[in-house]
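Participant: output the structure for:
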Amino acid sequence: MATDMERILEDFAGAWSSHDVEKIASFFAGDAVYEEVPLGTFNRGGEEGVKAFAAGTFAAMPDFKVELSSVFGAGDWAAGEGILTGTQTGEMPPFPATGNRISVPFAMIAEAQDGTLKRIALYWDLSTFLRQLGLGPEAPPWVGASAD
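Facilitator: From the prediction side, this is the model:
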């Protein structure tokens with residue numbers, strides 16, 4: 001049986017995948033923090049900052065999706081992991097539009113208070129993201145290698 005926090009994260013991911021900026025923002029308290037750790041993006045102030053960030057993401061990647069593969073909740077905390085996918089057809093400052101597709105694993109940690117998100121931190125691999133966009137260095141030979 002899913003906890004309330006697990007449901008919140010599942011619904012939050014669904015709102016991102018449906019590109020519903022208003023719904024995404026509705027998960028946050030007025031003083032909430034939304035952080036994209038690899039980019040150093042720190043949106044404070046709940047709804048308005050989150051709306052602007054989400055709208056920018058959808059403008060740059062019109063087919064952006066958040067696919068959760070696992071979620072764990074305990075009390076006012078939850079964690080999830082999955083894959084972020086999309087095709088970057090628009091600029092994502094400081095990254096120019098490349099037309100390339102991404103498929104990047106992520107993990108997120110969330111804290112709620114009174115049924116709304118107080119803080120969410122999203123962690124994903126910036127090196128893989130840049131490589132997939134064609135903006136980063138080639139992967140070293142051991143990346144993706146099997147340990148047979």
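
Participant: only C-alpha atoms from now on, for both contacts and neighbour counts.
Facilitator: Noted.

Participant: beta-bridge partners for the spatially most central residue of the chain, please?
Facilitator: By CA atoms, centre = their mean, the chain has its centre lying nearest to residue 122, at 5.5 Å. Applying DSSP bridges to residue 122 gives these bridge partners: residue 36, residue 108.

Participant: so it versus residue 138, what's the distance?
Facilitator: Per CA to CA, to the nearest Å, residue 122 is found 24 Å from residue 138.

Participant: how about residue 26, nearest residue that isn't a chain neighbour?
Facilitator: Leaving aside its sequence neighbours, residue 26 sits nearest to residue 47 (CA to CA, 6 or more residues apart in numbering; 6.7 Å).

Participant: just checking, what packs against the helix or strand harbouring residue 78?
Facilitator: Take DSSP states H and E as the rule and residue 78 turns out to sit in strand 77-87. Judged by 3 or more CA pairs under 8 Å, 6 or more residues apart in numbering; DSSP states H and E, strand 77-87 is in contact with helix 4-17, strand 65-74, strand 101-113.

Participant: tell me the buried residues in the helix or strand bottoming out on mean pLDDT in the chain?
Facilitator: Here the helix or strand of the chain ranked lowest by mean pLDDT, DSSP states H and E is strand 41-44, holding a mean of 82. Residues of strand 41-44 classed as buried by neighbour count (16 or more other CA atoms under 10 Å): 43-44.

Participant: returning to what we had before: export the helices and strands packed on strand 77-87 to CSV and tack on mean pLDDT, mean neighbour count and distance to residue 132?
Facilitator: As requested, these are exported to CSV (pLDDT from 0 to 100; neighbours: other CA atoms under 10 Å; distance: least, CA to CA, whole Å):
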stretch, mean pLDDT, mean neighbour count, distance to residue 132
helix 4-17, 94, 19, 20
strand 65-74, 96, 17, 16
strand 101-113, 96, 19, 6
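
Participant: do you know which of the ones you listed lies nearest residue 36?
Facilitator: strand 101-113 (9.3 Å; CA to CA).
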